[in-house]
Structure formats: C-alpha cells, structure tokens
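Enquirer: Here is my input, please return the structure:
(chains A and B)
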Number of protein chains: 2
Amino acid sequence: MPLPFLTSLRWIAFSLAAAAGAGGIWWRIIDHAALAAPMGPASPIYGVTIPDGYRSWELVGPSLEAAPLNELRVIVGNKVAINAYKSGKLPFPNGSILVKLAWKRAQSPDFAPATIPAAATTVQVMVKDSRRYAASGGWGYGRFANGIPAPEAQQATCFACHSGHVRERDYVFTHYAP
Amino acid sequence: MPLPFLTSLRWIAFSLAAAAGAGGIWWRIIDHAALAAPMGPASPIYGVTIPDGYRSWELVGPSLEAAPLNELRVIVGNKVAINAYKSGKLPFPNGSILVKLAWKRAQSPDFAPATIPAAATTVQVMVKDSRRYAASGGWGYGRFANGIPAPEAQQATCFACHSGHVRERDYVFTHYAP
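Expert: So this is what the prediction gives:
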C-alpha cells in the first residue's frame, strides 16, 4: 500500500486512541498536579487544598463516627494511594492523597433500619509529600467545611491524633475495606 | 523533514496515547459489557452477575444497617448510573448498574468513637434493562455472598422491598450523597 494511505490510517488510530484516553490522562494529570494547582483556599499550617475530582476517586472504606459528631464517612484515595493500599507496602509514596467525606447521619425515611447521609459536614484531606511535610510524618492535612479551611487550631489536631494512634501505619487510620 | 521521520513520531505519539488510554477504554468496555460477559455464577430469577471492576466505581453513598445485620455499606455505580444521578432524571437508563458492598461493623481498635468495616458480607447488584426485566420494574437483582448467589427465595425479596418502598424513585433507595 502507498505510504500516505498507511500514514492516514495511523493518524485515525492515533486520534481515536487520544480521544478515548483523554479521560484517563486527564485524571492522572490532576492526581499529580493537585498540589501544584490549588483549587480553592488552602489549609493553615500545611497549605493543603481540596483536590479537584476527588468525589470520583476509588473507595477505600466507609466508617461511622459516634456522638457528638454522629457522622457517616467515606474515605477515597487517588490512584497513587489506592495502588499503595493494594501493594500492601508502607510508607505511602509521595503524591498519595486521601480524602474523607463526612455527612450527618439520619434515619432513612424509606426504610427504618437504614441510616443514611444527611447534610455534608467536612471534607478532610491528607497529602503525602515527605520533603514538604517532613515535620508531620510526611503528610500535610486539611479540614474544610463548605470548602472553607477550618481555623489553625483545628488543623493542628490532625497530626497530633494520627501520630498518637497510627504512627506505625504511616499515620493512616483507614484500611482498604475487604 | 523527511516523511519516515514524521511517521515515526506519529507512531510514538500513537503508542503513548494508546498506553495511557488503555485503562479508560477498558473500563468503558467493561461497563457496557457487564451483562454480555458474565463474571462468576448468575443470580436465580434474574441471571445477574457481579460486574467486573465494580470495586473501583464511583461512590453514590454510604449507609448503616441496624441490628440484626449490623452492617456498614457503600453503594457505587457504573458511569451510566452516575451520569443518571447527576442529571437528576428518572428513570435510570438501560445499562445502569448499582452495586452495594456490605461489611459487618466493628469498633475501631485504633480510635474508640469510630466504627469500621469488619468482614465483607454480601455484594448486591441492580442492573437496568427495561426489556429483559420488564416484570420487575426494569431492574434485575443479584445478591451474592463470597461470590455465590443467594438462594432464589432471598432473591425474590429484592423486588418486593424496592417496589414497596421506592417505586416512585425508579426502585432505587440510595440518593447520591451530597
């Protein structure tokens, strides 16, 4: 076959692959650029922002927080963090991001035995950067309500609690739910 | 530049795009082929199987089930279902799949106020196919424990309960968590 024909075929294949891959590439860029391209205001102390697209990230696991908070929670992770969980190796590599979504709990109006999410409360973020956050075990923290970072005094409690309870698991409470 | 050089560049670009896009393409194929390519044994009555890759699907919302089940749960959806949630339009289109993951609940050994997942119990699946499942509101159901479908008598309770409580929401209990 003449070369120009083959070349056209290659461009068609390239265009199809590029179009189909755009989503995947885009998420990878976002994952790795989350620190470089802040979305919204950053947390005091750490300068951590809410990563764009986190609501679509893969489930790590759910949890329930007792009174007085009375919250249902879900922890999700970016690809770097999920791959680290699946590898079973600690510490989490730089670029790992974990996000905790939280809602007030409410009895389902449709099915009495079920408790379901009511109003969203906080979004909490852990970002691994062993150099930038060397003083806090390699993790930067951010706690946000309605997108607004909590005051500095609250942010300071993050590392204290993680360090006090799960230092040996690279400061991460949540296991990958089986 | 000579054409062979450009052609090589194009092949390099094509290969990179194809490699980066492989994940995205693969998930799209799986989403839409879940019914056509059964993974593991199918549920009685409906012939529903556990869709491959569901553990990576996007979060719809968490829930808690009271005694005697005492379970933490998370509902995830494939792209078709998530897009339907985001559009706010009912009914869910054909190809929508919702999966409920469930675990026994346990007090966290690391932090007393937290309840976390213990052993996985069931995986429950709803598949929208308005023609195939016309007799059950357009949804086929499957309940699995350790990958094995529950007996027919259990499967029969799915539609009865969904129909009795949330028929007006296209038989779907779970809202997209805010």
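Enquirer: So, low pLDDT: which residues of chain A?
Expert: Counting by pLDDT under 70, chain A has low-confidence residues at A:1-39.
Enquirer: The helix or strand harbouring A:P117 near chain B at all?
Expert: Per DSSP states H and E: A:P117 is located in strand A:114-128. Yes. Using CB under 8 Å from any CB of the partner chain, strand A:114-128 reaches chain B at A:A114, A:T115, A:I116, A:P117, A:A119, A:A120. C-beta here means a position set from N, CA and C on the backbone, and glycine is covered the same way.
Enquirer: Let me see the domain layout of chain A.
Expert: A:4-35, A:54-169 (automatic domain parsing).
Enquirer: Span of the last one from start to end?
Expert: One end of domain A:54-169 sits 23 Å from the other (CA to CA, to the nearest Å).
Enquirer: what phi and what psi does the backbone show at the nearest residue to A:V99 once chain neighbours are set aside?
Expert: With CB to CB, 6 or more residues apart in numbering or on different chains as the criterion, A:V99 has its nearest non-adjacent residue at 4.4 Å, and that residue is A:Y54. Main-chain dihedrals, A:Y54, degrees, to the nearest 10: phi -60, psi -30.
Enquirer: Would you map the helices across chain A?
Expert: Counting by DSSP state H, chain A has these helices, from start to end: A:3-33, A:79-87, A:152-166.
Enquirer: From the chain's centroid, how far away is the strand holding A:P117?
Expert: 11 Å (CA atoms, centre = their mean, to the nearest Å).
Enquirer: likewise stretch A:55-62?
Expert: 8 Å.
Enquirer: Mind listing residues that contact it?
Expert: Residues outside stretch A:55-62 that contact it (CB atoms under 8 Å, 6 or more residues apart in numbering or on different chains): A:27, A:72-79, A:81-82, A:85, A:98-99, A:101, A:174-177, B:55-56, B:58-59, B:62, B:72-74, B:76, B:101, B:103, B:116-117.
Enquirer: isn't A:P91 right next to A:V172, touching?
Expert: No. Contact criterion CB atoms under 8 Å: A:P91 and A:V172 do not qualify, at 9.1 Å.
Enquirer: Neighbour count: the two, which is higher?
Expert: More neighbours surround A:V172 than the other of A:P91 and A:V172, with 24 against 16 (other CB atoms under 10 Å in any protein chain shown).
Enquirer: residues touching the nearest residue to the more buried one once chain neighbours are set aside, list them.
Expert: Excluding its sequence neighbours, the residue lying closest to A:V172 (CB to CB, 6+ apart) is A:V166, at 6.2 Å. For A:V166, the contacting residues are A:V172, A:F173, B:D110, by CB under 8 Å, 6+ apart.
Enquirer: now A:K104
Expert: Applying CB under 8 Å, 6+ apart, the residues near A:K104 are A:N70, A:E71, A:L72, A:P117, A:A118, A:A119, A:T121.
Enquirer: What is the burial count for the fifth one?
Expert: The burial count assigned to A:A118 is 16, neighbours taken as other CB under 10 Å.
Enquirer: which of the contacts of stretch A:55-62 count as buried?
Expert: A:27, A:72-79, A:81-82, A:85, A:98-99, A:101, A:174, A:176-177, B:58-59, B:62, B:72-74, B:76, B:101, B:103, B:116-117 (16 or more other CB atoms under 10 Å in any protein chain shown).
Enquirer: Tell me which of those fall in strands.
Expert: The strands, defined by DSSP state E, take in A:72-77, A:98-99, A:101, B:58-59, B:62, B:72-74, B:76, B:101, B:103, B:116-117 from those.
Enquirer: OK, contacts around the closest residue to A:G61 other than its chain neighbours?
Expert: In space, A:G61 comes closest to A:A177 once its chain neighbours are excluded; the distance is 3.4 Å by CB to CB, 6+ apart. Neighbouring residues of A:A177 by CB under 8 Å, 6+ apart: A:L59, A:V60, A:G61, A:P62, B:V74, B:L101, B:W103, B:P117, B:A120.
Enquirer: Determine which two of those are furthest apart.
Expert: A:V60 and B:A120 (14.2 Å; CB to CB).
Enquirer: more crowded one of these two?
Expert: A:V60 (21 against 15).
Enquirer: so how far is A:L69 from the more buried one?
Expert: According to CB to CB, to the nearest Å, A:V60 and A:L69 sit 19 Å apart.
Enquirer: Kindly report the same for A:G40.
Expert: Noted for A:G40: a distance of 23 Å to A:L69, by CB to CB.
Enquirer: Mind checking which of those two has more residues around it?
Expert: Shown here are A:G40 and A:L69; by other CB under 10 Å, A:L69 has more neighbours (15 against 11).
Enquirer: mind listing what that one touches?
Expert: A:L69 makes contact with A:A102, A:T121, B:P113, according to CB under 8 Å, 6+ apart.
Enquirer: Just the buried ones out of those, please.
Expert: Buried subset of these (neighbour count, 16+ other CB under 10 Å): A:A102, A:T121.
Enquirer: List just the nearest of the contacts of A:L69 to B:A156.
Expert: Nearest to B:A156 among the contacts of A:L69: A:A102, at 36.4 Å, using CB to CB.
Enquirer: what about A:G53, neighbour count?
Expert: 13.
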